[in-house]
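A.B. asks: Give me a 3D structure for the following:
(chains A and B)
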2 protein chains.
Amino acid sequence: MNDLMPLTTEQHLLILNALNLTTAFMGGAALLFTLLRSQVASAYRLALSLMAAAVGMASYHYWQLLGGWKAAYVLQGGTYVPTGQPFNDAFRYADWLGTVPLILAALMLVLDIGRRKSASLVARLAGAAVLMIGLGYLGEVQHENLGLRAAWGAASCVPFGYILFVLWSELRGVLRFETPRVRELFTGLRVLLMASWSLHPLVYALPLLGLGGAPAFVLGQVGHSVADVCAKVFYGLMIYAVAREKTLSEEMLLGLEAPREVVRS
Amino acid sequence: MNDLMPLTTEQHLLILNALNLTTAFMGGAALLFTLLRSQVASAYRLALSLMAAAVGMASYHYWQLLGGWKAAYVLQGGTYVPTGQPFNDAFRYADWLGTVPLILAALMLVLDIGRRKSASLVARLAGAAVLMIGLGYLGEVQHENLGLRAAWGAASCVPFGYILFVLWSELRGVLRFETPRVRELFTGLRVLLMASWSLHPLVYALPLLGLGGAPAFVLGQVGHSVADVCAKVFYGLMIYAVAREKTLSEEMLLGLEAPREVVRS
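C.D. replies: Residues are numbered from 1 along each chain as shown, chains lettered A, B, ... in the order given. Okay, the predicted model is just below:
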C-alpha cells in the first residue's frame, strides 16, 4: 500500500490512462491469443492457451487496480487529493504470482525440448519465479525500513538471476535443431523478457535511491504498466511468431501445404 | 479533460447515445470479426484476429467513456449540469495508441507483400502512428494555451502525412498482382482510412477556430465516435471483403472449390 500524495490533474490522468490502456491491451491480447491458436500446429496450442489465460488474468488485475485508483483520489480545487481509500499496488505481485509461471511455461512449450526435460525446466523456473515474487513482495510492503526493503529486494534478485541463467545457459543446446529464424526470434524473446522484467526492480529501487514525491510515483506506476505490457502482450506475440514459424516449416517438410510464396511464383 | 458546460437534455442524450451505440458497434464487431475468420484462408486470419482485438479494445474504451459521461452530469431542473467529476476524453488517445497499430498491421497482412517487407512497413507505420497520437495528446491536454495546442496539432499532422504517403505511394507496386476487384477494394480502404482519420483533426481544431460552447462540444463528441466506427468497424468489414475475395480466387486457382457463382451459372 502506498502513502499517497496530492497529484496534478495531468499526473493523475497519466496513471489513470496507463492502468486503463493496460487493462484494454491485456483483454485484447486474451482475445487475440485465443484466436491465433488455430494458426499454429497442435503441439504449440497449449503455449498460446497459457498466454491467453495469463493476459486474461492480467486484464482483470489491471481493472481492479484501475477501480482502486479511481476510489483513491478526488478532485478538489483543480488538484487530486487522496480520499483515504488505499491504492493496493500489491495486487501487481498477486498478478505476477499467477501469470509469470504461465509465461515461462509457454516459452518452454514452443521449444521442442522433450516432455520430461520440459516439465523439469518449467518446475524449476516456476519455483524460482514464485520465490522471486514472494521475496520482492516482502520488501514492497516495507515503507519505513528502507534497509529491510533493500535486503528483500537483493534476495529477490537471486532467483531472477537463476531464471536468466537457465534461459541463457541451459537452453543453448536445445536451439541446435531450430532454423536460424527461430533462433533469432528466441534471442529476441529472451532479451524482451530480461529487459521488461528488469524495469520492475528499477521501479522498486526508486525509494532506495531517495527518489520520492509525485514524479517518481507517476514514473513508477507507468513503468510497471509498460513493463507488464512488454512482458505479456509483446512477449506473447513473439511466442506466436515462434510457433507460427515452426508450424509453417513443419508443414513444408511434411508437404501438407506448400507455403503461399511458392504457389505464387 | 474537458471543461464541461451545462447541456440541454437533448444535447446530453445525443452524446450518451453516441457513446453507447459505439460501445455496442465495437463489441458486435469483435464478435463478427471473430466469427468471420473461418470464411477466409489461413493466411488472412491473423488480419481478422487483429481487427477483432482492436474493436474489442475500442468497445472497452467506449464503455469507460460512457461510464465517465454518466458520472460527469446530473439532471437539475430540466438541465444537465456538471457534477465536478471529470470526463476523461483523453481515454480516446489511449485507445488509439493501442488500436491504430493493429488496424494498420491488418491492412498489410491482407496484401501479399512478403514477410520481411510487411514487417518493415508495419514497424514504420506503427511508429508513425504512435508519434502522431502522442503529439496530438500533448496538444489535447492544452486547454488554455491555444497556440501550443495548434503547434502540437501541426506537429502531429507530419506523421499522419507520412502514413498517407506510405499507403498511397509505397504500396502502389504491391497491387500489380492483385485482381481488379481487390485493387478497387484496397482503394476504398485507403479512402475510408484517410477520410475517417481526418475527422479527428477537424474536431481537434474546433477550439482553434473559435468554435466553443455546447454545440461544438456535442459535434466533437459525436464526430469522434462516428470517425471511430468508420475507421474500425466499416474498415474491418472491408478488410474482410479483401480477404474473402482473395480466398475465393485462390481456391479457384487451386481447384479446391469452385466459387458458388460459377457452380450456379
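
A.B. asks: Helices along chain A, start to end?
C.D. replies: Assigned by DSSP state H, chain A shows helices spanning A:9-36, A:45-72, A:91-110, A:115-140, A:146-165, A:180-205, A:213-229, A:235-254, A:260-264.

A.B. asks: highest average neighbour count across these?
C.D. replies: Mean neighbours per residue, mean count of other Cβ atoms under 10 Å in any protein chain shown, is largest over the helices of chain A for helix A:9-36, with a mean of 23. All C-beta spots, glycine's among them, are computed from the backbone N, C-alpha and C.

A.B. asks: Can you get me the start-to-end distance on stretch A:73-87?
C.D. replies: Using Cα to Cα, to the nearest Å, the end-to-end distance of stretch A:73-87 comes to 9 Å.

A.B. asks: How far does that stretch sit from its chain's centre?
C.D. replies: 30 Å (Cα atoms, centre = their mean, to the nearest Å).

A.B. asks: Ok, stretch A:92-110 next?
C.D. replies: 8 Å.

A.B. asks: Show residues contacting it.
C.D. replies: Stretch A:92-110 is contacted by residues A:44, A:46-48, A:50-51, A:53-55, A:57-58, A:61, A:65, A:118, A:121-122, A:125-126, A:129-130, A:133-134, A:136-137, A:140, A:163, A:167, A:189, A:193, A:224, A:228, A:231-232, A:235-236, A:239, A:242-243, A:246 when judged by Cβ atoms under 8 Å, 6 or more residues apart in numbering or on different chains.

A.B. asks: can you list the helices of chain A in JSON lines and add mean pLDDT?
C.D. replies: Converted to JSON lines, the helices of chain A look like this (pLDDT from 0 to 100):
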{"stretch": "helix A:9-36", "mean pLDDT": "94"}
{"stretch": "helix A:45-72", "mean pLDDT": "96"}
{"stretch": "helix A:91-110", "mean pLDDT": "93"}
{"stretch": "helix A:115-140", "mean pLDDT": "91"}
{"stretch": "helix A:146-165", "mean pLDDT": "92"}
{"stretch": "helix A:180-205", "mean pLDDT": "91"}
{"stretch": "helix A:213-229", "mean pLDDT": "93"}
{"stretch": "helix A:235-254", "mean pLDDT": "91"}
{"stretch": "helix A:260-264", "mean pLDDT": "46"}
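
A.B. asks: Could you say which one of those comes nearest to B:P82?
C.D. replies: Among the helices of chain A, the nearest to B:P82 by Cβ to Cβ is helix A:9-36 (14.9 Å).

A.B. asks: what packs against the closest one?
C.D. replies: Applying 3 or more Cβ pairs under 8 Å, 6 or more residues apart in numbering or on different chains; DSSP states H and E, one finds that helix A:9-36 makes contact with helix A:45-72, strand A:79-82, helix A:213-229, helix A:235-254, helix B:9-36, helix B:45-72, helix B:91-110.

A.B. asks: how many degrees apart are it and helix A:45-72 in direction?
C.D. replies: 160 degrees (axes from the mean of the first three to the mean of the last three Cα atoms, to 10 degrees).

A.B. asks: Which residue is the nearest non-sequential neighbour of the residue positioned nearest the centre of chain A?
C.D. replies: Ranked by distance to the mean C-alpha position of chain A (Cα atoms, centre = their mean), the top residue is A:A231 at 3.2 Å. Nearest non-adjacent residue to A:A231, counting by Cβ to Cβ, 6 or more residues apart in numbering or on different chains: A:S196, 3.9 Å away.

A.B. asks: residues from chain A in reach of chain B?
C.D. replies: Residues of chain A found near chain B (Cβ under 8 Å from any Cβ of the partner chain) are A:9-10, A:13, A:16-17, A:20-21, A:23-25, A:27-29, A:31-32, A:35-36, A:38-39, A:75, A:260-261, A:263-264.

A.B. asks: And A:Q221, how far from chain B?
C.D. replies: A:Q221 sits at a distance of 14 Å from chain B (criterion: Cβ to the nearest Cβ, to the nearest Å).

A.B. asks: ditto for A:L208
C.D. replies: 31 Å.

A.B. asks: same question, A:D112
C.D. replies: Counting by Cβ to the nearest Cβ - A:D112 and chain B are separated by 22 Å.

A.B. asks: returning to what we had before: make TSV out of the helices and strands packed on helix A:9-36 and add distance to A:A105.
C.D. replies: Output for those, formatted as TSV (distance: least, Cβ to Cβ, whole Å):
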stretch	distance to A:A105
helix A:45-72	6
strand A:79-82	39
helix A:213-229	18
helix A:235-254	11
helix B:9-36	26
helix B:45-72	23
helix B:91-110	26
